[in-house]
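Asker: Kindly generate the corresponding structure for this input.
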Amino acid sequence: MKFKDLIYAITCLSFAVVIGAAVYEHLAVVPKWSMAPPASLTMFQGPYGLNAQAFWIPIHPITMLLFLATLIVSWKTERKNAVATAFIGYLVVIAVTAIYFVPELIAITTTPYLDVIDSDLMNRAQMWESLSLLRLGVLIILSLTLFLGLAKSKEANTYQLYVR
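Answerer: Predicted coordinates for the structure are as follows:
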């Protein structure tokens, strides 16, 4: 296996890890905390609260560096467009995440515990979840673009399977 193929495959893996973690959070974590805020926010609070940043903060820079390396080694190949499209899309998603998703999530999840349901907070949580699912859909489309580029041959508009 060539270095170009290896770095591309590792980038695909890293991007798949990002998406897998997002799917996990949407299936296992988000439904719990968004169910009845602020009463349902206890998983984020206290000394034993969930610390998702321990995963998200390092994985994004690692994935972006891998994308950049893959783009560099793929620059003169047919894979360039797939890598560039996925990378630019990912950067846009990261920017939107930094501008809206992270601040809103922090604002919601740091709301002090109350044994009642705040309808305004619940509406904000539901909006966050809906928009986050849309963001996840975009990431999945970008990953498909990236994975299809892995199979792209050196000839224009053709794909090949790497079976030996």
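Asker: Just checking the distance from the helix or strand where I141 lies to the centre of its chain.
Answerer: Assigned by DSSP states H and E, I141 belongs to helix 119-150. For helix 119-150, the separation from the chain centroid amounts to 8 Å (computed by CA atoms, centre = their mean, to the nearest Å).
Asker: Report the buried residues of it.
Answerer: Under the neighbour-count criterion of 16 or more other CB atoms under 10 Å, helix 119-150 has 121-122, 124-125, 128, 132, 135-136, 139, 142-143, 145-147, 149-150 buried. Placement of C-beta: from N, CA and C, glycine included.
Asker: again, but for stretch 77-96
Answerer: Using 16+ other CB under 10 Å as the test for burial, stretch 77-96 gives 77-80, 82-84, 86-87, 89-90, 93-94.
Asker: biggest separation within the residues you listed, which pair?
Answerer: Taking CB to CB, the two most distant members of the buried residues of stretch 77-96 are E78 and I94; they sit 25.9 Å apart.
Asker: So for L65, what pLDDT did the model give?
Answerer: Listed pLDDT for L65 reads 98.
Asker: Identify the residues contacting stretch 26-44?
Answerer: With contact meaning CB atoms under 8 Å, 6 or more residues apart in numbering, stretch 26-44 is reached by 49-50, 52, 108-118, 121-122, 125-126, 128-129, 132-133, 136.
Asker: Can you get me the start-to-end distance on it?
Answerer: For stretch 26-44, the first-to-last residue distance is 15 Å (CA to CA, to the nearest Å).
Asker: For the remainder of this discussion, apply numbering that starts at 39.
Answerer: Right, with 39 as the first residue, what we last looked at is stretch 64-82.
Asker: From the chain's centre, how far out is it? Work that out for me.
Answerer: The answer for stretch 64-82 is 19 Å, by CA atoms, centre = their mean.
Asker: isn't L177 right up against V55?
Answerer: No: when contacts are counted by CB atoms under 8 Å, L177 is not listed as touching V55 (11.6 Å).
Asker: quick one: contacts of the helix or strand hosting F53?
Answerer: Here F53 sits within helix 41-62, counting by DSSP H and E. With contact meaning CB under 8 Å, 6+ apart, helix 41-62 is reached by 39, 93-94, 97-98, 100-101, 104-105, 107-108, 111-112, 115, 117, 121, 124, 128, 170, 174, 177-178, 180-181, 184-185, 187-188, 200.
Asker: coming back round to it: of the buried residues of stretch 115-134, which belong to helices?
Answerer: Taking DSSP state H as the definition of helices, these contribute 118, 120-122, 124-125, 127-128, 131-132.
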